[in-house]
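Q: Predicted coordinates and the sequence they were generated for:
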Amino acid sequence: MAASIDEPAAIAATAVAATPGRRMWLATWSQTEFKIGLVLFLLLVGTAFIYPLLSDIDPTKLSVRERFLPPVFLEGGTWAHPLGTDQLGRDLFVRSLVGLQNALMISVAVVVLMFAFGATVGLVAGYRGGWIDTILMRLTDAQLSIPLIILAIIILTVSRPTPFSVIVVLALAGWPVYARVTRSVTLAERRREYVRGAKILGASDSRIMWLLIAPNILPPIAFVAVLDIARMMIFEAILGFIGIGIQPPTPTFGTIIADGRKYLINAWWIATMPGGFLFLTLLSVNLMGAALERARNRLLRGTI
Amino acid sequence: MSERLLTVEGLSVDLVRDGGLVPVLRDVSLALEGRQVLGIVGESGSGKTVLAKALVGWVAEPLVASRGVVRFRGQDLLAMPPEARRILRGSAVGYIGADPGSSFDPTLPVGRQIVEKVQAVRADIDARAAKKRVLDLLDRVHIPSAARRFDEFPHQYSGGMLQRAMIVDALASDPAFLVCDNITQPLDVTVAAQIMRLLHELRSDLDAGIVFISTSLPVVCDIADELVVLSRGEIVERSTPARLLEAPAHPYSQDLIARNPIIWGTPPLPVPAEASPRVILAVDDVTKTYVVPDRTRFFGTQAVKAVRGVSFAVHGGENLGLVGESGCGKSTLSRLLSWVEQPDQGRIRFKGQDIAGMSAQQLLAMRKGFQLLLQDPFNCLPPNLPIGRSVAMSLQIHGGLGRKAIAEQVRAVMAEVGLKEDDRERLPIGMSAGQRQRVNIARALILEPELLILDETLSALDPMEQARLLDLFERLQARHGFTYLFISHDLAMVRRVCTRIAVMYLGKVVELADTRSVFFEPTHPYTRALLSAVPTLEEKPFKAADCLLEGEPPSPIDLPQGCSFAARCPHAMPRCRVEEPPLVDLGGGRFSACWLNEPEVSRAA
């Protein structure tokens, strides 16, 4: 096709001496979605971690006189409690921010853990093949066959739910998906010519696995993992909601929602505020993840 | 009133991109009568396929026909309502494309798909008549036991057979006009020669006008009555084959002719280097059989005999060619030689040392002295690594050098193969096939190997780039004293650079001799068949009609008894079907595996 005639020329014209990493960063930064996502994310994280320190309001302090105060934008709301108070008179803004802290720390830790473990298992299974593959994959299947909620109930009712055990449970439930996906891409990747080329050059298996195959297949999976931060925040909230997450009095999204559920008719804001924070966080994470993925696609297609 | 079958007047087709128009075809005019073969020749990117589709009124997004008309029996195809065009196309036009593999639905038997087409375009033929018609046609294109083949699925057909089935598909509706778009391109030379022979046979009893499009000038000249040369979307010359070859008017046509390889003509044969007695690589009776699952039985397996007892030796400083068609075991052999896979039997020795007995460290050291350049330039580089780091990786693997020394050597070697300094940070994606192959060469070269194996390294490149890289190889050989082993299906390329040639067929070396003997006095019938099938513009000493019978190479799963070429060999004797001829020394460094050589051997003895 004639279209393909002048394409290399166009690419050659734009090719600069900048490293691919730098080109990808420039392409990411040039997207407005990314900037919006980043600003929103920094704002949320900054507020979540800094405001409770500066504020003298204790998120667990009860105040019978101030029960069911509505948020500031409703009639009767005050700036002393910008998002209102709950049924025990606790400040919802600070409670939500502390909940967001917990949700963020737990979900990021979970995603890092399950991505690292799942991708390693998948890469080794896919690259080595044979009996190693069989053992690792049967293990994965076994793990996949236990539903998350049942696993969580078993582990978290037997042991005391702490942030650490919540992280372990969620990571345990999540890694098989990463192992499966990584394995299937590795299977295709290890048959590519460049892998054979590296073997002929004398490259060791670990070099091929970690320095050649991994950087080629993991980025798209890592983008999915970034989006999974959002999913894990929801799971953390679910665990809190059914009472097997981090225990009160530490505020979490799940416990705030569970408490507010009973007053949904009269004080709808209690259960809604955590939802609002969850929504904004997910939005910012997704905006950034999508922008990164677009930039990488453009890099690999050679258009930047 | 008698209308011309097909006329194209002033056709221009543009590609819509980014709001602008990129011209693909400019002011193309053609005319075609019934029973005539019009050849269109042009290199890839010249707009051939767009033209082929425009001829049948198929100009779809993002292409637009900005000017001109295509008339089929007086009707303007481009202005027709799409539905009328579809009916006309189905009944009056046959189209044979370059990719038979993906033209059939893999889930339906081949015969049924063709019958379905016949019934879709010809309401007057009932199911039984349609089936009979398809069976007749399958017979006519020499598909053996057509009745059985009718019910087989596309994956059970070989590439050549599928192309024949495509021809049946195109002929089934009795078209008045047939477009053959690069039909020989994906096929092996001997199979392509058989398809061309079939087309010659068919054209004499068809009324249809044929448009034959190809990148290969010799193939077009072989069949066309008249031809046009297409370059960058424009017709630069129209002529007859004879006139074009004798006196090409346009510089582009002259260039096109000059680029065709000359095999038996004047260019000197490569001078054998000082016959060095030093054997660098010795391959000794190497065998490789793959066990694959047999899909017709539970837990059943089949043995694919990919390489069957191959022996040869590569001497220092020489260029040895290993030629054969697809499926002859070349790629398997290259995998064995590079020790990515291990042979079942036999030994491979590098500088006298058996590779099988090497320790991991010795193996690593051997890999330094022994490099293989792979075929596919688009897949052979890690896509995420900037090429500077790709090249540096070779040295990092073998260790012992500092960062600075590595960067220095990378710079030097990239300059040596003709890459720019700025290219270091580029990803392979933006580079042409030729440039990628240079990166590949740099990756091997930086290790300063003694032996370079080129496994179809140049076959994905266009002829210009091929010539440039061959020059580079020659320069590098002169400077570094390399030994090359060219593994290729391209006889003309091997003829240009190699001093000795081994011919492989179905996992065996059937002939091994110096280049002169192989091309001028071949001793094996398969070599003659191969030579007769090479598309060249010269008068060939071997005619395909005398050297090659109909028939397909047998499957390496189900090898017949005796000589594996017997089924296609015009000289086959009863003995050939029973006993397999061994590779015998005919003297003068010539080896051949054929019973026909028997008397000579006894005479020599």
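A: Ah, there it is. Numbering: from 1, shown residues only, chains lettered A, B, ... in the order given.
Q: if I pick residue 299, what's in contact with it?
A: Since no chain was named, I'll use chain A. Under the criterion of CB atoms under 8 Å, 6 or more residues apart in numbering or on different chains, the neighbours of A:L299 are A:20, A:23-24, A:27, B:427. Backbone N, C-alpha and C define where each C-beta goes, glycine included.
Q: Farthest pair within those residues?
A: Distances among these were taken as CB to CB; the most separated pair is A:A27 and B:L427, at 13.0 Å.
Q: Between the contacts of A:L299, identify the one with the most neighbours.
A: Neighbour counts for those, by other CB atoms under 10 Å in any protein chain shown, peak at B:L427, which reaches 22 neighbours.
Q: how close does the closest residue to it other than its chain neighbours get to A:L212?
A: Nearest residue to B:L427, sequence neighbours excluded (CB to CB, 6 or more residues apart in numbering or on different chains): A:P20, at 5.5 Å. A:P20 sits 15 Å away from A:L212, going by CB to CB, to the nearest Å.
Q: go on, B:D490?
A: Using CB to CB, B:D490 is found at 30 Å from A:L212.
Q: Kindly report the same for A:D205.
A: 10 Å.
Q: neighbour-wise, which of those two wins?
A: Using other CB under 10 Å, the more surrounded residue of A:D205 and A:L212 is A:L212, with 24 against 12.
Q: Run through the residues that contact the more buried one.
A: The neighbours of A:L212, taking CB under 8 Å, 6+ apart as the test, are A:194-195, A:198, A:203, B:382, B:385.
Q: what about the helices in the stretch 51-200 of chain A?
A: Assignment of helices within the stretch 51-200 of chain A using DSSP state H, counting those that start in this stretch yields the ranges A:92-128, A:130-144, A:148-158, A:163-189, A:193-201.
Q: Heading C-terminal from the helix-or-strand element of chain A with minimal mean pLDDT, find the next helix or strand.
A: Every helix and strand in chain A was compared by mean pLDDT, DSSP states H and E; the lowest is helix A:3-14, with a mean of 39. Beyond helix A:3-14 in the direction of the C-terminus, DSSP states H and E gives the next helix or strand as helix A:20-29.
Q: what residues are up against the residue nearest to B:L427?
A: A:299, B:384, B:386, B:425, B:427.
Q: Quick check, pLDDT for it.
A: Looking at A:P20, its pLDDT is 75.
Q: How about the residues of the stretch 201-304 of chain A by chain B?
A: Taking CB under 8 Å from any CB of the partner chain as the criterion, the neighbours of chain B within the stretch 201-304 of chain A are A:201-204, A:207, A:212, A:215-216, A:299-302.
Q: Let's see which of these end up in helices.
A: Within those, residues falling in helices by DSSP state H are A:201, A:207, A:215-216, A:299-301.
Q: which among the residues you listed end up buried?
A: The neighbour-count test (16 or more other CB atoms under 10 Å in any protein chain shown) marks A:201, A:207, A:216, A:299-300 as buried among those.
Q: Tell me which two in those are the farthest apart.
A: Pairwise distances across these peak at 24.8 Å for A:L201 and A:L299 (criterion: CB to CB).
Q: Redo the contacts of A:L212 as a markdown table? Include distance to B:R17.
A: Written out in a markdown table, the entries for the contacts of A:L212 read as follows (distance: CB to CB, whole Å):
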| residue | distance to B:R17 |
| --- | --- |
| A:Y194 | 31 |
| A:V195 | 35 |
| A:A198 | 37 |
| A:A203 | 41 |
| B:P382 | 31 |
| B:L385 | 30 |
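Q: any idea which of those is closest to B:D76?
A: B:D76 has its nearest neighbour among the contacts of A:L212 in A:Y194, at 50.5 Å by CB to CB.
Q: got the contact list for the nearest residue to that closest one once chain neighbours are set aside?
A: Counting by CB to CB, 6+ apart, B:P382 is the residue found nearest to A:Y194 once chain neighbours are left out, at 4.8 Å. The contact partners of B:P382, taken as CB under 8 Å, 6+ apart, are A:194, A:198, A:212, A:216, B:390, B:428.
Q: Distance of B:P382 relative to A:R183?
A: Per CB to CB, B:P382 is found 20 Å from A:R183.
Q: now B:R203
A: Applying CB to CB, one obtains 53 Å for the distance of B:R203 from A:R183.
Q: remind me which residues of the chain are low pLDDT?
A: In the absence of a named chain, this looks at chain A. Low-confidence segments of chain A, defined by pLDDT under 70, are located at A:1-18, A:302, A:304.
Q: oops, I was thinking of chain B
A: Screening chain B residue by residue with the criterion pLDDT under 70, one finds the ranges B:1-2, B:266-276, B:295, B:599-605.
Q: run the last query once more with 50
A: Regions of chain B meeting the criterion pLDDT under 50 cover residues B:1, B:601-605.
Q: before we move on, back to that, more neighbours, B:R203 and A:R183?
A: Relative neighbour count places A:R183 above the other of B:R203 and A:R183, with 23 against 19, counting by other CB under 10 Å.
Q: Pretty sure that one sits against A:G122.
A: Yes. Here A:R183 reaches A:G122: they are 3.9 Å apart, a contact under CB atoms under 8 Å.
Q: Can I get stretch B:301-314 as CSV, trimmed to CA atoms?
A: Presented in CSV, the C-alpha positions along stretch B:301-314 are these (Å, rounded to 0.1, in the frame of the first residue of the first chain):
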residue,chain,number,x,y,z
THR,B,301,1.7,-39.1,18.4
GLN,B,302,3.3,-38.7,15.1
ALA,B,303,7.0,-38.3,14.3
VAL,B,304,8.0,-35.4,12.0
LYS,B,305,11.3,-36.3,10.5
ALA,B,306,12.7,-32.8,10.0
VAL,B,307,16.4,-33.5,9.5
ARG,B,308,17.5,-37.0,8.4
GLY,B,309,21.2,-37.7,8.6
VAL,B,310,22.8,-34.5,7.3
SER,B,311,26.6,-34.2,7.1
PHE,B,312,28.7,-31.5,5.8
ALA,B,313,31.8,-29.4,6.7
VAL,B,314,32.4,-25.7,6.6
